[in-house]
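S.K.: 3D model of this:
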Amino acid sequence: MDVEPTPNSTGGGVTISFTVEGITLNNGDVDFFSSTSAILSASVPTIAPTNAPIFDHGHMIFDQPPTLEAIKMNEYVQKTTFGEINNPNFFFESTFSDLIPNKTYFYIAYIKATSNGEDFLSIGSRNVAGNLVIDARSFTTISNNFPPGVSTLSTEYISPNLFKVYGIIDETSESTIQEYGFVWKEEFNSLPSTSDNNGKKITGQNSTLTNGHSFQENISVNPNKVYTIRAYAENEFGIDYGESFTIFGDYNWASYNSPPDGLFSICHEERFVNNDRDWDTSGATNFNINYTLSTSGNYYRIDNNEDNTPWNLKTRDIDLAGLLNYQIDLDVKVSQGDFSSGLRWEGNSNNWGYFFGFDKVDKYYWIGYWDTAGNETTIKYESAENILTANDYHKLTIRKQDGRFYLFIDEIFIHDFSDTVLEGDWIMFRCASNSDVYYKNFLVKSFGLCQ
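M.R.: Next up is the predicted model:
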């Protein structure tokens with residue numbers, strides 16, 4: 001065993017040494033620290049256990065730079081001890097808790113080894129001008145004079161009048177949480193706070209919590225209102241809020257004529273003015289179709305004189321496939337013609353898609369789809385005589401929520417069904433054979449993020 005003549009120290013039957021023959025000790029780093037805790041690392045790259053078996057190892061932390069005398073007299077604040085090390089390339093970590101916030105601590109790694117019947121305490125060292133000195137490193141705990149950290153995790157629909165909301169306290173700042181829960185406001189995309197005259201549900205008060213504490217509450221809502229809700233947590237240093245979530249009580253879109261204000265954001269709007277797409281089909285064989293783009297009346301007219309040839313006029317590309325909740329609105333007037341003039345949507349080719357339209361004479365609406373093989377299937381074909389008139393524009397509305405479609409004419413609910421056919425990214429205006437159809441006021445709106 002190589003024992004340095006100075007500044008080694010003997011006390012309590014243990015010799016303190018900077019080096020032990022055959023053993024290398026690296027003092028390591030601070031892997032983590034917070035206001036009251038820290039994780040320290042160290043390693044033993046080389047070891048010759050037959051020369052000096054290691055029977056203990058760990059870290060010591062001090063509230064001032066340690067001296068050999070302080071180490072000898074065990075004047076540490078905290079110490080870890082882990083037992084034997086039998087293999088080289090050994091890595092270990094020590095976790096310390098109950099530290100004082102905003103305080104500097106000094107630490108060393110150590111090993112205890114036995115040689116020739118004598119115990120040695122070896123500590124981390126470094127070379128300064130040819131001399132080995134104590135390799136005492138330091139860290140400063142974080143001040144806990146800050147508000148807690150909180151997140152809003154999710155919302156869950158229970159009934160038209162009830163939602164469940166989930167939150168989590170990410171960081172307590174090692175202080176008492178004076179109050180935490182949820183706040184909400186009857187507005188879309190707002191930032192409700194405890195200082196406003198909003199709704200509030202208190203989950204707990206004057207609570208001692210740990211990081212990662214999750215909580216939840218049932219929130220009663222008005223079915224016809226849109227709310228923004230978020231979690232909050234407060235301590236003596238301030239208040240923090242989680243992400244805002246939008247909820248609306250009446251989750252069944254078929255039960256009201258139009259969505260509450262602010263529910264949708266407009267992703268795309270097309271009114272057929274200065275349209276830069278080339279719709280010209282004059283050179284196509286056997287197509288006798290006239291179309292007119294009005295730059296003054298904000299409408300698009302398709303006059304289809306073909307027998308047994310519905311005409312699908314594709315709009316600009318709109319990605320609908322990634323949207324769980326969206327709405328399509330289109331005003332349609334059928335001056336003459338067959339049924340199914342209206343909208344065709346979803347799908348990624350001209351071979352399949354849903355359609356929703358109506359005819360002028362019989363005053364029926366028709367809902368159906370084409371599958372990938374081009375087979376046509378009727379979902380619903382029914383009279384709408386109380387709604388449809390001969391020459392007026394009628395508003396077709398398609399709402400999709402979580403894989404289900406809800407269809408309206410003039411904001412009157414017609415039918416709903418599940419989307420089990422396809423996914424896609426385009427929309428068509430459908431003009432049936434021998435029909436003269438006018439389209440205007442085309443809107444695609446999304447509840448959530450537009451693509």
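
S.K.: those strands in the stretch 301-450 of the chain, which residues are they?
M.R.: 311-314, 325-336, 341-345, 353-358, 364-370, 376-383, 394-401, 404-409, 412-418, 427-431, 435-446 (DSSP state E, counting those that start in this stretch).

S.K.: Of those strands, which stretch is the most buried?
M.R.: Across those, averaging neighbours per residue (mean count of other CB atoms under 10 Å) puts strand 341-345 on top, at a mean of 27. C-beta coordinates here come from the backbone N, C-alpha and C atoms, glycine included.

S.K.: what lines up beside that strand in the sheet?
M.R.: Its sheet considered, strand 341-345 pairs with strand 353-358 (antiparallel), strand 427-431 (antiparallel) by DSSP bridges.

S.K.: Hmm, residue 118 is touching residue 15, no?
M.R.: Yes - Residue 118 lies in contact with residue 15 (CB atoms under 8 Å); the separation is 6.7 Å.

S.K.: Looking at the two, which is more packed in?
M.R.: residue 15 (18 against 14; other CB atoms under 10 Å).

S.K.: Pick out the residue nearest the middle of the protein.
M.R.: residue 153 (8.4 Å; CA atoms, centre = their mean).

S.K.: SS state for that one?
M.R.: Following DSSP: H, G, I helix; E, B strand; the rest coil, we place residue 153 in the strand state.

S.K.: For it, give me its contacts.
M.R.: Taking CB atoms under 8 Å, 6 or more residues apart in numbering, we find residue 153 in contact with 166, 167, 168, 214, 231, 242.

S.K.: Of the residues you listed, keep whichever come out buried.
M.R.: Of the members of those, the ones counted as buried by neighbours, 16 or more other CB atoms under 10 Å, are 166, 167, 168, 231, 242.

S.K.: Now for those: which two are most distant?
M.R.: 166 and 242 (10.0 Å; CB to CB).

S.K.: Let me know whether residue 355 touches residue 344 as I believe.
M.R.: Yes - using CB under 8 Å, residue 355 is in contact with residue 344, at 4.3 Å.

S.K.: Chain neighbours aside, what residue packs nearest to residue 88?
M.R.: residue 47 (4.6 Å; CB to CB, 6 or more residues apart in numbering).

S.K.: Look up the pLDDT of that neighbour for me, please.
M.R.: With respect to pLDDT, residue 47 has a value of 77.

S.K.: How about the contacts made by it?
M.R.: With CB under 8 Å, 6+ apart, residue 47 has these contacts: 22, 23, 24, 54, 85, 86, 87, 88, 90.

S.K.: what's around the fifth one, how many residues?
M.R.: So the one you mean is residue 85. Neighbours around residue 85, by other CB under 10 Å: 20.
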